[in-house]
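1. with the input below, show me the fold.
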Amino acid sequence: MPLSKFQFRPGVFREGTDYDNEGGWFDANLVRFKAGRPQKIGGWRKDNSNSFLGTCRALHGWITLAGTKLLGLGTNKKYYIEEGTTFADITPIRSTTNAGDVTFAKVGNGDATLTVSDTAHGAVAGDFVTYSGAVSLGGNIVASVLNQEYEIATIINANSYTIEAKDTSGDPVLAAAGDSGNGGSNTVGAYQVNTGLDIYVTSTGWGVGLWGDGTWGSSTALTLGNQLRLWSHDNFGEDLLINPRGGGIYYWDATNGLTSRAYNLSTQSGADLVPTVGLQVLVSETDRHVIVLGADPISGTSRTGVVDPMLVAFSDQENPLDFDPSNTNTAGSLRLSEGSQIIGGIKARQEVLIWSDTALYSMQFIGPPYTFGLNLINDSSGLVSPKGAISSPSGVYWMGYDSFYVYNGAVQKIPCSVLSYVFDDFNAGQAFKVFAFNNSEFNEVGWFYPSASSDDIDRYVIYNYAEKVWTIGQLNRTAWLDSGVENYPRATTGNYLYEQEFGYDNDGSPMTNVFIESSDFDIGDGESFAFVNRIIPDIKFLSNSSDGKVNMVLKTRNYPGDTLTTASTSQIAASTSKADIRARARQVTLRLESDDDATNSGNDNVGWRLGATRLDVRSDGRR
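-> The predicted structure is shown next:
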């Protein structure tokens, strides 16, 4: 019987129906294309066993002058620097009280809840505060219980809140009858910057949309604690600048080590009109100016303390403390004119690209007296989220509100074979969670995003810019950093940091739901039934496992509107020469999937790449 070779076009196509994409791939998960052939993506493992607090939505890696590798992680609760396997908490301190401003009171005997009084504390639920100088309340609530870091449980009012007493191991400590004191007159509270939300709230601040849409004109202003927490960060030499979106500009000095916290630039000795708030901070590449997007403007001899969503402020060259424009320095500011807010910015080749909600600008160093020039590049290609753009060897890519774009001297809309699949099933209300990522080893850029039924990231879309093909899948990652400083990409999910593209496992367990499925194919446009009775597979196993297995599945239906029915499932190993099957229908699809039902020895750490599979297909008459 005649054998037919099936080599489907690379890339996933979802802009039409299953049937009109004959000869192509229609669906996939955890599969990429390399040299035109589909293969399982790399696996992942925990970077270390230590966890961090909160959801991480920002990663930044660098190497100090001493050659130490560091990784910054910004979560909705903290900012950490990882060195080795340790997460050092460098979250800035917002305020420190005077001795005796803080007092404690038990709620009741047998209860771990303590009421803390501190006039105008400025905290929100979930904030962290460290107490020192307190003495025992007289019973179980001893000094060592009080003098440690706490996460604030509830806010009672502007002058009081509650915490849950614990020992130094984190176990609850219940108040006793003798706990009648207040902690003494020397208690000091050091409050960290307000924590942020893990969800975007559309009734506050700035979101996706034009002036007059959604949140614009609402009565609830953006504050650091009532909005999705997104950190930006960049190096000033070996030191680190960080900014929680809508909050202050903070500086971590590497020479002080990981036991020191980042500090607010605007409050330091010698600070001259440093912005007190901003939407993003970065450092220009060759001329070393600190740039604050969405800075608060200057009013007289101070800053207003209120974000100006279209203002770009920059420091004097090589001086992050001097933002006061004068004839003797290069500090200054610029204002965007197109759009209503700055969404984000990114460093590119000899320029800084800045997106408003409607336009793209190029900011270039031109020297004194103007320092920077601002050029409108495109007025109809806004950015969907502050982290929705990524720089790659072939240009800067970003996700807009309904399309994908690339800039490499000019803006181009990228033809996308899965455009409707992404944007027709997209949670625009949580669009600020979208982030772009690079996977340079495979010439890929991509975006993690939330589908319409999810408030958090549950999907990705990837574009291979070398081969110009797209693929899709389902995976939760909240931040990503390409390889470079480290050998493997880093990503976060849950409260852990992972190495990506390591082996073919899910952190030591088999990866599940790995598949790629073709569109329908037929004989003579379906005039005759196709009868398939043999498969000769061409599969390369990429791992060292000698007993790796995959499933090759044939599905059938007689009309495009019918539901696909599984006609046969054949387990394929490296030694499999052929699989005898029986399938008869007008339309057939081919699916390759990891064998999730096999034991771990059958699909643990198994990678694969599909070649030119042959099917024994013949016409089986009409009906």
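2. in stretch 376-390, what counts as buried?
-> Using 16 or more other Cβ atoms under 10 Å as the test for burial, stretch 376-390 gives 377-378, 381-390. The way it works is simple: take the backbone N, C-alpha and C, and place the C-beta from them, glycine included.
3. in helices only, show me these.
-> Using DSSP state H, the subset of the buried residues of stretch 376-390 located in helices is empty.
4. want to try TSV for the residues you listed, with distance to residue 446 and pLDDT as columns?
-> Below are the buried residues of stretch 376-390 laid out as TSV (distance: Cβ to Cβ, whole Å; pLDDT from 0 to 100):
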residue	distance to residue 446	pLDDT
377	23	96
378	22	95
381	19	90
382	19	92
383	16	96
384	14	97
385	14	97
386	17	97
387	13	98
388	11	98
389	12	98
390	9	98
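5. burial check on the nearest residue to residue 494 once chain neighbours are set aside, number of neighbours?
-> For residue 494, ignoring the flanking residues on the chain, the nearest one in space by Cβ to Cβ, 6 or more residues apart in numbering is residue 51 at 7.9 Å. Residue 51 has 11 neighbours, counted by other Cβ atoms under 10 Å.
6. just to check, residue 51 is in contact with residue 496?
-> Yes. If you go by Cβ atoms under 8 Å, residue 51 and residue 496 touch, sitting 5.7 Å apart.
7. list the contacts of residue 263.
-> With contact set as Cβ atoms under 8 Å, 6 or more residues apart in numbering, residue 263 has these partners: 92-93, 250-252.
8. could you redo the last one with a cut-off of 7 Å?
-> 92, 250-251 (Cβ atoms under 7 Å, 6 or more residues apart in numbering).
9. pick the one among these closest to residue 33.
-> Set against residue 33, the nearest of these by Cβ to Cβ is residue 250 (41.8 Å).
10. my read is that the closest one contacts residue 240, right?
-> No. When contacts are counted by Cβ atoms under 7 Å, residue 250 is not listed as touching residue 240 (8.6 Å).
11. okay, the two: which has more neighbours?
-> Taking neighbours as other Cβ under 10 Å, residue 250 and residue 240 compare with residue 250 leading, 25 against 22.
12. the more buried one pairs with what?
-> residue 242, residue 264 (DSSP bridges).
13. likewise for residue 609?
-> With DSSP bridges as the rule, residue 609 is bridged to residue 39, residue 540.
14. re the thing from before, touching, the residue nearest to residue 494 and residue 498? I think so.
-> No. Counting by Cβ under 7 Å, residue 51 stays clear of residue 498, with 11.8 Å between them.
15. show me what contacts residue 33?
-> 10-11, 464, 467, 469, 471.
16. between the residues you listed, which is nearest residue 478?
-> The nearest member of these to residue 478, counting by Cβ to Cβ, is residue 471 at 20.5 Å.
17. which one of the contacts of residue 263 is nearest to residue 449?
-> residue 250 (28.8 Å).
18. residue closest to the middle of the chain?
-> When Cα atoms, centre = their mean is applied to the chain, the residue found nearest the centroid is residue 479 (2.9 Å).
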